[in-house]
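*Asks:* pasting the sequence and the predicted coordinates here, then a few questions.
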Amino acid sequence: MFRSVTLAALLAYASAQSISSACTNALTGIATNPDAAACLSPGSLVPIIAGGANASIVSPINNWLTSLCSAPACSNDTIAAVVQNITSGCSNELSGLGLTSSMVPSITGIIEQYYPTARQVVCLKDGNTNCVTQTLTNIQNVVGPLTLNNIVQIASNATTTTLPSNVTCTNCVKAAYNIINSAIPSLTSDSAPAVQSECGASFTDGTTPSGIAESASTSSTTANQAKAAALGSVSMMSHGALASVGASGLILVFSLFTFLA
């Protein structure tokens, strides 16, 4: 599950580096929307671009996840607005992922249904380390640095790359499996035998591994927080950073939650 989510999201992020002006405009509008900016924290992805095409994206993604998980959750209205804007403004970019405008209602419903679970999963921590960060680091140790220059190649080789059990069977992955199995058992019902074969019978026993904690904020967005988030995005836009980072980051968010679902 983590492997599929990670590679799909990275592939989507890479494809977003050369987006159309229509997509840029649509996503910039989302990034400067107070509610979306407050719950998605796209500005936290600026260091990915600033770091250069050959720098590992793991640390910047960790910083973004820290900001995302400490922010209030997106409301269904915000999710619906984000999906509508992305699918209408970025139809060419998303067509490569098999997504069309006719699928908007079903996509919106799926994301609204699965978003709380997906957010819970990506905000898991093992001690002080975010579980997605830990998993990305483990993958990086196997396949090499995850940079903007090589993630497309890494994703294209996903079907032929075998990850060892110390990547796929960690406490983080077990905790994620537990959450998904509890919230949406239909997604894991067919995978249990394969998971047990790879990670052992105890992997699916439902117990929470020692040291695992959830870090997703349960607070609500205030008007001042939303306004501050939007103003921060406007400030970044004046420096030319928001168009690429905001658009790419929001496609990353969209892809992450969609492929998890």
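*Replies:* In hand now; what should we look at? Numbers count the residues shown, from 1 in each chain.

*Asks:* for residue 110, give me the pLDDT.
*Replies:* On pLDDT, residue 110 comes in at 81.

*Asks:* then residue 127?
*Replies:* Note for residue 127: predicted pLDDT of 96.

*Asks:* excluding chain neighbours, what is closest to it?
*Replies:* Using C-beta to C-beta, 6 or more residues apart in numbering and skipping the chain neighbours, the partner closest in space to residue 127 is residue 211 (5.2 Å). Where you see a C-beta, it was placed from the backbone N, CA and C, and this is true even at glycine.

*Asks:* now do that neighbour against residue 124, distance only.
*Replies:* For residue 211, the distance to residue 124 equals 11 Å [C-beta to C-beta, to the nearest Å].

*Asks:* give me phi/psi at the residue nearest to residue 127?
*Replies:* Dihedral pair for residue 211: phi 90, psi -10, per degrees, to the nearest 10.

*Asks:* from residue 183, how far off is it?
*Replies:* Distance from residue 211 to residue 183, counting by C-beta to C-beta: 21 Å.

*Asks:* who's more crowded, those two?
*Replies:* residue 183 (16 against 13; other C-beta atoms under 10 Å).

*Asks:* and the closest residue in space to that one that isn't next to it in sequence, what does it touch?
*Replies:* Leaving out its chain neighbours, the residue that sits closest to residue 183 by C-beta to C-beta, 6+ apart is residue 117, at 4.3 Å. Shown in contact with residue 117 (C-beta atoms under 8 Å, 6 or more residues apart in numbering): 179, 180, 183, 184, 260.

*Asks:* next one: residue 26
*Replies:* Applying C-beta under 8 Å, 6+ apart to residue 26 gives the contacts 85, 86, 88, 89, 90.

*Asks:* what helix or strand is it located in?
*Replies:* helix 21-31 (DSSP states H and E).

*Asks:* I'd like the next helix or strand past that helix.
*Replies:* Later in the chain than helix 21-31, the nearest helix or strand by DSSP H and E is helix 34-40.
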